[in-house]
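Peer 1: Coordinates only, no sequence provided:
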C-alpha cells in the first residue's frame, strides 16, 4: 500500500513537472510573438527603419527574456526623430566615429565609466573612458566633438 501511494505521488509530481514545462514554453512563445508584432507594428508605422527592425528581431532572438522591447523601440524612435535615419541606424548598432557629437557618443555607448578634463594652453580636452584606459575604449573630445578614438 505504501509503495502504491509513493508511486502515485511520483507520477503526480512528474505530470505536474511536464505540465509546468509545457506552460512555460507556451508562455515564452506567446511573449516572443508579442515582441515580434510590436517590432512589425513600429516598422509599419514608419517609427523605426527596416534595418532597426531587423536589429531588434536579432536581439530578441538571442536575448528575448532580457529585453524590454517597448523601451528599445521608444529609444529607436527618439534617435530617428533626433538625428534622422542614417545616423540613428549607426547609433542603434553602437557605432561611433570621429566627428560625432558627445550627445551621439552617449546615445551610442551610454555614459562613460570615467571622464577626465585636461586644460591645455589654448583649449580643454575631455576624455571619455569606457571600461578602463588599458583595455577600454577612449574618446578624446574637443569643443563637444570626438576628435580621437582609441579602441582596445
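Peer 2: Received, thanks. Only a predicted model underlies this, so the values are computations on that prediction, with no experimental measurement involved.

Peer 1: Flag the helix or strand of the chain with the lowest per-element mean pLDDT.
Peer 2: Taking mean pLDDT, DSSP states H and E as the measure, the helix or strand of the chain with the lowest value is helix 2-44, at a mean of 80.

Peer 1: Tell me the helix or strand right after that one.
Peer 2: Counting by DSSP states H and E, the element after helix 2-44 in chain order, helix or strand, is helix 50-63.

Peer 1: relative to helix 2-44, how tilted is that following helix?
Peer 2: 170 degrees (axes from the mean of the first three to the mean of the last three Cα atoms, to 10 degrees).

Peer 1: contacts for helix 50-63?
Peer 2: 32, 35-36, 39-40, 42-43, 48, 67, 69, 72-73, 76, 80, 88-89, 92-93 (Cβ atoms under 8 Å, 6 or more residues apart in numbering). Where you see a C-beta, it was placed from the backbone N, CA and C, and this is true even at glycine.

Peer 1: Would you mind listing which of these are buried?
Peer 2: 35-36, 39, 42-43, 48, 69, 72-73, 76, 80, 88-89, 92 (16 or more other Cβ atoms under 10 Å).

Peer 1: so which of the residues you listed would you say is closest to residue 10?
Peer 2: The closest of the buried ones among the contacts of helix 50-63 to residue 10 turns out to be residue 35 (Cβ to Cβ; 37.6 Å).
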